[in-house]
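1. got a predicted structure plus its sequence, pasted below:
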Amino acid sequence: QGPDDLLALAGADGPDGRGAALAVPGIGEEGGRAPDPWWTEEAGGPEGDGILVWCLRLPGAVKKDLQLVRRGAELLLTVGPFHRTVPLEPALRRCTVSGAALTDGVLRVRFTPDPALWPRTS
């Protein structure tokens, strides 16, 4: 905004001289990028019916502003004015979407295994 701000920014190199004071936590650590904000659970635990649940925290999201579309190996997620394309994990790619719910700020998308896409064990 002004010369003093530029001087402060120039002095933000940190002790290593490479801008460490400007680093964003989680970025550049342990291999390059922050972990994905989503996770997968087994519905009903290990003895469940094989349904997998893909979960994503969406604090402040409202159901009427939420759109979710499966396109091949991706989920297209829209929350209000925000859009994101999320690649599906390999196990979820072999499933069909069987439902979704937004509860307590967490979106949960249920995936049911598609027998035609899983290897046969006999």
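-> Looks like it arrived, so ask away. Numbers count the residues shown, from 1 in each chain.
2. which element follows the helix or strand bottoming out on mean pLDDT in the chain toward the C-terminus?
-> Taking mean pLDDT, DSSP states H and E as the measure, the helix or strand of the chain with the lowest value is helix 3-10, at a mean of 50. Taking DSSP states H and E as the definition, the helix or strand that follows helix 3-10 towards the C-terminus is strand 38-42.
3. what sits against D65?
-> If a contact means Cβ atoms under 8 Å, 6 or more residues apart in numbering, then D65 has 79-80 as its contacts. For the C-beta atoms, the positions are set from N, CA and C on the backbone; glycine is no exception.
4. oh sorry, the question was meant for V53
-> Applying Cβ under 8 Å, 6+ apart to V53 gives the contacts 40-43, 108-111.
5. and it, what are its bridge partners?
-> Applying DSSP bridges to V53 gives these bridge partners: E41, R110.
6. low-scoring stretches of this structure, by residue?
-> Low-confidence segments of the chain, defined by pLDDT under 70, span residues 1-35, 44-48, 122.
7. break it down into its structural domains.
-> Following automatic domain parsing, the chain resolves into domains at 1-34, 36-122.
8. contacting residues around G72?
-> In this structure, G72 makes contact with no residue, judged by Cβ under 8 Å, 6+ apart.
9. leaving out the residues flanking it, which one is nearest to R93?
-> A73 (4.9 Å; Cβ to Cβ, 6 or more residues apart in numbering).
10. that neighbour contacts A91, doesn't it?
-> No. At 11.5 Å, A73 and A91 do not qualify as touching, with contact defined as Cβ atoms under 8 Å.
11. helix, strand or coil for L92?
-> Recorded secondary structure, L92: helix (DSSP: H, G, I helix; E, B strand; the rest coil).
12. any idea how far the residue nearest to R93 is from K63?
-> When Cβ to Cβ, to the nearest Å is applied, the distance between A73 and K63 equals 26 Å.
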